[in-house]
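1. Turn this into a model:
(one chain, ligands or ions: 1)
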Amino acid sequence: MGQALSPAAHRARAGADERTCLTSGSELTIEARYIIGAARQEQFPPEGLPEVAFLGRSNVGKSSLLNRLLGGQRLARTSGRPGCTQLIHFYGVDGRFCFVDLPGYGYAEVSREQSAKWKELIEAYLGKRRSLALSLLLLDTRRGWMEKDLELKQWLEFHGRRYVVVATKVDKLKSQSERQRGLAAIGRHSEESIAFSAVTGQGVREIWQAIWKTQDKR
Ligand code: GDP
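-> Next up is the predicted model:
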């Protein structure tokens, strides 16, 4: 069983997070601070600020989205590769939110035991966390919904959790018709989704708007 990474142990690596940065194209400065990497529920930080969870298959573009939302800051995180301890990473953002980076799912090569551990950790967080205000469910626009994504969506709905679908890597679909087809396929299982590209920055504003709205709802 892996250990939680204490803030002290992370300080050197997370040093880059503890600076203020300028988000691209705006005057806003956003400060992100690493809080902890939790391997078990007991290691989650105390409840408090509204939390925004980032969920998606491995390689969907989750860290690129986080970095882009935070204006290019590279967030500290351990490898999410199979075989490594799966951690939930908590970041304080601007003293207003907590961003929660959940381990990616869908590696073909993970064992049944690893997959069960992932499920247990994620469900402990998504099922019980009172501070959880919004989940961003990321889908690769080229691939659309896959079985595990649909399971997770149904699970969120069953537990009455608010979520927004983010269609990632939209710049990889070069023609307008390809993009429309990809987004329409995603739209078959979700009322609304935000098209996002970490390369062009498309969708950053809409995602921040969805995050800000969580404060109005409290
Ligand atoms: P994660 O495993 O979900 O955290 O995914 P990453 O953010 O590490 O991205 C996986 C790969 O997709 C990397 O090679 C990224 O450079 C690439 N990628 C992520 N987002 C985008 C995007 O919006 N556009 C393009 N073209 N590539 C992206």
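
2. What residues does this protein have near the ligand?
-> For the chain, the contact set with the ligand under Cβ under 6 Å from any ligand atom comprises 56, 58-64, 104, 168-169, 171-172, 197-199. Backbone N, C-alpha and C define where each C-beta goes, glycine included.

3. Buried subset of those as a PyMOL selection?
-> To isolate the buried ones among the residues of the chain next to the ligand in PyMOL, judged by 16 or more other Cβ atoms under 10 Å, type:
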select buried, resi 56+60+61+62+63+64+104+168+169+171+197+198
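
4. The residues of the chain next to the ligand in helices, which ones?
-> Assigned to helices by DSSP state H, the following of the residues of the chain next to the ligand qualify: 62-64.

5. follow-up on the earlier one: just the residues of the chain next to the ligand: which are in strands?
-> Where the residues of the chain next to the ligand overlap with strands, as defined by DSSP state E, the overlap consists of 56, 168.

6. per-residue pLDDT, residue 191?
-> Note on residue 191: pLDDT of 86.

7. which non-adjacent residue is nearest residue 203?
-> On the basis of Cβ to Cβ, 6 or more residues apart in numbering, the spatially nearest residue to residue 203 that is not a chain neighbour turns out to be residue 196, at 3.4 Å.

8. phi, psi of that neighbour?
-> Per-residue torsions, residue 196: phi -130, psi 140 (degrees, to the nearest 10).

9. Are there helices or strands packed against the longest helix along the chain, and which ones?
-> With secondary structure taken from DSSP H, the chain has its longest helix at helix 112-128. On a contact count with 3 or more Cβ pairs under 8 Å, 6 or more residues apart in numbering; DSSP states H and E, helix 112-128 meets strand 51-56, strand 88-93, strand 132-140, helix 147-158.

10. right, so the ones you listed: which one is the most enclosed?
-> Highest mean neighbour count among those (mean count of other Cβ atoms under 10 Å): strand 51-56, with a mean of 23.

11. contacts for that strand?
-> Among residues not part of strand 51-56, those counted as contacts by Cβ atoms under 8 Å, 6 or more residues apart in numbering are 62, 65-66, 90, 97-102, 104-105, 122, 125-126, 129, 131-139, 149, 152, 168, 211, 214.

12. Quick one: the helices and strands packed on helix 112-128 as TSV, columns for mean pLDDT too.
-> Conversion of those to TSV gives the following (pLDDT from 0 to 100):
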stretch	mean pLDDT
strand 51-56	96
strand 88-93	95
strand 132-140	98
helix 147-158	94
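
13. right, so of these, which gets closest to residue 116?
-> In this view, those are compared for proximity to residue 116 by Cβ to Cβ, and helix 147-158 is the closest at 13.8 Å.
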